[in-house]
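[1] From the sequence below, what's the structure:
(2 chains)
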Amino acid sequence: MSNGTLYDKVWEKHKVAELPSGQDQLFIGLHLVHEVTSPQAFGMLRERDLNVAYPGRTFATTDHIAPTEAEKRKRPLTDEQSEEMLSALERNTSDNGITFFGFESGKQGITHVVAPELGLSQPGMTVACGDSHTATHGAFGSIGVGIGTSQIRDVLATGCIAADKQKVRRINVEGELGEGVYAKDIILKIIQDLGVDGGVGHVYEYGGEAIEALDMEGRLAVCNMSIEGGARAGYINPDETTYEYLEGREYVPEGEAFEERKEYWESIKSDADAKYDDVVTVDADGIDPLITWGINPGQVIEITDTVPQPDDFETRTDREAAEQALDHMDIEPGQSMLGYDVDVAFLGTCTNGRVSDFEEAAKILEGNQVDDDVRALAVPGSESVRAECEARGIDETFINAGFQWRRAGCSMCLAMNDDSLEGDEVCASSSNRNFIGRQGSKDGRTVLMSPAMVAAAAVEGEVADVREYLGDEPAGSPSGVGEAAD
Amino acid sequence: MTPENHITEVGGTGVPIPGDDIDTDQILPARFMKEVTFDNMADYLFYDARRDDDGEFNDHPLNRFEGASIAVINSNFGCGSSREHAPQAMMRWGVDGIVGESYAEIFRDNCKSLGIPAVTTDHETVVELQEWIEANPDGNIDIDVENEEVTYGDTTIDVDIDDAMQEALVEGIWDTTALMYSNRSKVEETVAGLPYVEGDD
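    The predicted structure is shown next:
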């Protein structure tokens, strides 16, 4: 059993009682709410005549159904179901005294982008949201968990969830990342190594030199995809990078109060001699950019590798998944993913919809044009991200290259708005899930990759090695690959 | 306020849903979540997998085993998003209990919230049960939550159930809202020890 880890300390701080079932009642310090998974929960509250227990610890925005084209954000929304969901959220938050960041606020966006940038997510908190990517907030050194709608009812009514304490796996990510390799590649590498169900029963504590070297936006990307590795939560111990990011943000105390708060943040860090249930090392030194070739986020290869044979896998589960993936993606074992034809380039989401993601992609797009056959969407993770990109002229780079520059929302990550794949289109995507049907078409195909890789794929019209745009020829790869006349 | 729902045993005919890592996007595609209630979710259960290219029902097990109460699944079922829409859709379609190799955690938690026992056993046993259902579509399967057993035909197998889920179902305390609500004063004590919660929160 773990002892002295951040997870243990934060859990103890928030534990209210042990329930008769043996689970712990855990206080939730930050509850994030969006339009899709909350209306049923507010309905349950009304049925039971209960009030929201901690409206001041509850914040809402709209993301899943948010139209990303400016003219489609006029009310009432043209899609009646979306309008009904948004109206319900506005009514529920206003009736219960909950802060709501709507379209007009300038702060609307994906919950997991908005809460960090406003300074709502802080070290030593428990964070819950009716969305599995709540693990994102662990980047600050908090416990972030995705919950279902009945649990949202629990949090609204009591400020608490009933939860089982998990085991803690420390993941040391060692090595230095080369040019064209990013936080996204680290988390894809971890899922490749540990599997899509490797984290079941565990939370992941990420550490090691490659993690410590990441800025906050990179750390958010890593923690975001903990759930794709089967871990309910993932976190990184706070350090100076964390505190520098937080200082001066809207919901972070200032001056002396900041210093006091920092003492708390320091106190919940994992002890040097903390005991973990499990420790693994992931070698990220000199890894090539990674991409998915299949239909789950563990079906990953480095861009210089080829698609594996189903027989290469040890377990029956993995072999069967590989067969299904080859069929769905229409690829052959032994084939390189370089040159795999791309119809759509999608940049954004709670994984990679932050300013640095657009900044890195813009470096690739500068002076280049999106391939004629590619539909390219840039969807900022929040309206604040959009504003900052626009203030810095990053939007111009995207627009000049042929990208559509959109408004904030979840967009084509799960296609609950108008942004969707059609037929068997292939999407080079900076999102987090390549499940069949995820991007809105049951025959659609998703290739997950870093934002810079999405930009390179948009320009080439096919999966490409971003390093060819960074003047750093990949070692061992013959020059001119993927550049044959077409 | 607490539904007095002791769930010690559930049973009925079965439906095999074979495959590992079946994610919630397959169980309940996101485009059907644009409704403010769960009322219609059964209509969207495995929507794409159950239909051919013309939109007609294919031979997916859910189409062949209409009326079943016990779903039999393989490993890491319900991975991906936290959407309760997935188990809600299964429950509203008629599923009262699930036997399988393993579950993604949020999915299992959601099943507990809804009072759906989700029990586990090994791969071979699950496959045998899935084959038995194919051969005995009208055969009854019983999940005994209290004694951790599943009985079908002349066979009884030992299964596992998460301790907290078992306790919650058997004692009828799987609806945690009332339970936790009664601890309000203890919550206040916990909150008082958190430096980041201001007085007016």
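[2] Where does pLDDT dip in chain B?
    When residues are selected by pLDDT under 70, those of chain B lie in B:1-4, B:199-201.
[3] Would you map the strands across it?
    Applying DSSP state E to chain B gives strands spanning B:9-17, B:70-73, B:97-100, B:118-120, B:140-144, B:149-152, B:155-158.
[4] other SSEs contacting the third one?
    Helices and strands touching strand B:97-100, by 3 or more C-beta pairs under 8 Å, 6 or more residues apart in numbering or on different chains; DSSP states H and E, are strand B:70-73, strand B:118-120, helix B:123-135, strand B:140-144. C-beta coordinates here come from the backbone N, C-alpha and C atoms, glycine included.
[5] Most tightly packed of the strands of chain B?
    Neighbour counts (mean count of other C-beta atoms under 10 Å in any protein chain shown) averaged over each of these peak at strand B:70-73, with a mean of 27.
[6] near chain A at all, it?
    No: on the criterion C-beta under 8 Å from any C-beta of the partner chain, strand B:70-73 is out of touch with chain A, staying 12.9 Å away.
[7] Pull the residues that contact that strand.
    For strand B:70-73, the external contacting residues (C-beta atoms under 8 Å, 6 or more residues apart in numbering or on different chains) are B:10-19, B:22, B:90, B:95-101, B:103, B:126, B:129-130, B:133, B:141, B:143.
[8] Pull the residues that contact stretch B:32-39.
    Counting by C-beta under 8 Å, 6+ apart, A:36, A:39-40, A:43, A:64-65, A:79, A:81-82, A:84-85, A:88, A:149, A:416, B:41, B:43-44, B:47, B:83-85, B:88-89, B:92 sit against stretch B:32-39.
[9] Would you map out the domains in chain A?
    A:6-163, A:167-283, A:291-469 (automatic domain parsing).
[10] Please tabulate those in CSV, including the columns mean pLDDT, mean neighbour count and distance to chain B.
    Shown next, in CSV, are these (pLDDT from 0 to 100; neighbours: other C-beta atoms under 10 Å in any protein chain shown; distance: least, C-beta to the nearest C-beta, whole Å):
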stretch, mean pLDDT, mean neighbour count, distance to chain B
domain A:6-163, 97, 22, 3
domain A:167-283, 97, 20, 4
domain A:291-469, 97, 22, 4
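[11] Export those to a markdown table and append columns for distance to B:Arg108.
    Below are these laid out as a markdown table (distance: least, C-beta to C-beta, whole Å):
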| stretch | distance to B:Arg108 |
| --- | --- |
| domain A:6-163 | 10 |
| domain A:167-283 | 10 |
| domain A:291-469 | 18 |
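[12] B:Val187: which of those is closest?
    Set against B:Val187 and scored by C-beta to C-beta, the domains of chain A come closest in domain A:6-163, at 5.2 Å.
[13] Out of the helices and strands packed on strand B:97-100, which gets nearest to A:Gln108?
    Per C-beta to C-beta, nearest to A:Gln108 of the helices and strands packed on strand B:97-100: strand B:118-120, 36.6 Å.
[14] and stretch A:251-258, how far out from the chain's middle?
    In terms of C-alpha atoms, centre = their mean, to the nearest Å, the centre of stretch A:251-258 is set 27 Å apart from its chain centre.
[15] ok, which stretches of the stretch 251-400 of chain A are helices?
    Applying DSSP state H, counting those that start in this stretch to the stretch 251-400 of chain A gives helices spanning A:255-267, A:316-329, A:349-352, A:355-365, A:383-391, A:394-401.
[16] Tell me which residues are up against the second one.
    When you say that, I think you mean helix A:316-329. A:195, A:293-296, A:299, A:307-313, A:332-333, A:436, A:445, B:19-21, B:75-76, B:123.
[17] closest to A:Val279 out of the helices and strands packed on strand B:97-100?
    Shortest separation from A:Val279 across the helices and strands packed on strand B:97-100 is recorded for strand B:118-120, at 27.0 Å, computed as C-beta to C-beta.
[18] Give me the contacts around the closest one.
    Identification of contacts with strand B:118-120 by C-beta under 8 Å, 6+ apart yields B:97-103, B:107-108, B:111-112, B:143, B:145, B:148, B:150, B:159-162, B:165.
[19] again, only using 6 Å
    Strand B:118-120 is contacted from outside by B:98-99, B:102-103, B:108, B:111, B:143, B:159-161, using C-beta atoms under 6 Å, 6 or more residues apart in numbering or on different chains.
[20] try stretch A:10-26
    A:27, A:124, A:126, A:143, A:160-165, A:268, B:163-164, B:167-168, B:173, B:180, B:183, B:186-187, B:190.
[21] try 7 Å
    Contacts of stretch A:10-26 with the rest of the structure, by C-beta atoms under 7 Å, 6 or more residues apart in numbering or on different chains, involve A:27, A:29, A:124, A:126, A:142-143, A:160-165, A:268, B:163-164, B:167-168, B:171, B:173, B:179-180, B:183, B:186-187, B:190, B:193-194.
[22] ok so, going back, please convert the buried members of the contacts of strand B:118-120 into PyMOL selection syntax.
    The buried residues among these can be selected in PyMOL (16 or more other C-beta atoms under 10 Å in any protein chain shown) with this line:
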select buried, chain B and resi 98+99+102+103+108+111+143+159+161
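[23] Grab the two from the contacts of strand B:118-120 that are most spread out in space.
    Most distant of the contacts of strand B:118-120, by C-beta to C-beta, are B:Ser102 and B:Ile143, 16.2 Å apart.
[24] Which parts of chain B are helices?
    Ranges of helices within chain B are B:24-27, B:61-64, B:85-93, B:105-114, B:123-135, B:163-170, B:176-181, B:184-192, based on DSSP state H.
[25] Pipe those helices into a markdown table and attach distance to chain A per row.
    Listed next are those as a markdown table, based on distance: least, C-beta to the nearest C-beta, whole Å:
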| stretch | distance to chain A |
| --- | --- |
| helix B:24-27 | 4 |
| helix B:61-64 | 16 |
| helix B:85-93 | 8 |
| helix B:105-114 | 3 |
| helix B:123-135 | 8 |
| helix B:163-170 | 4 |
| helix B:176-181 | 4 |
| helix B:184-192 | 5 |
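[26] Let's have these in a markdown table, adding distance to A:Glu360.
    Shown next, in a markdown table, are the helices of chain B (distance: least, C-beta to C-beta, whole Å):
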| stretch | distance to A:Glu360 |
| --- | --- |
| helix B:24-27 | 28 |
| helix B:61-64 | 44 |
| helix B:85-93 | 35 |
| helix B:105-114 | 31 |
| helix B:123-135 | 43 |
| helix B:163-170 | 44 |
| helix B:176-181 | 43 |
| helix B:184-192 | 41 |
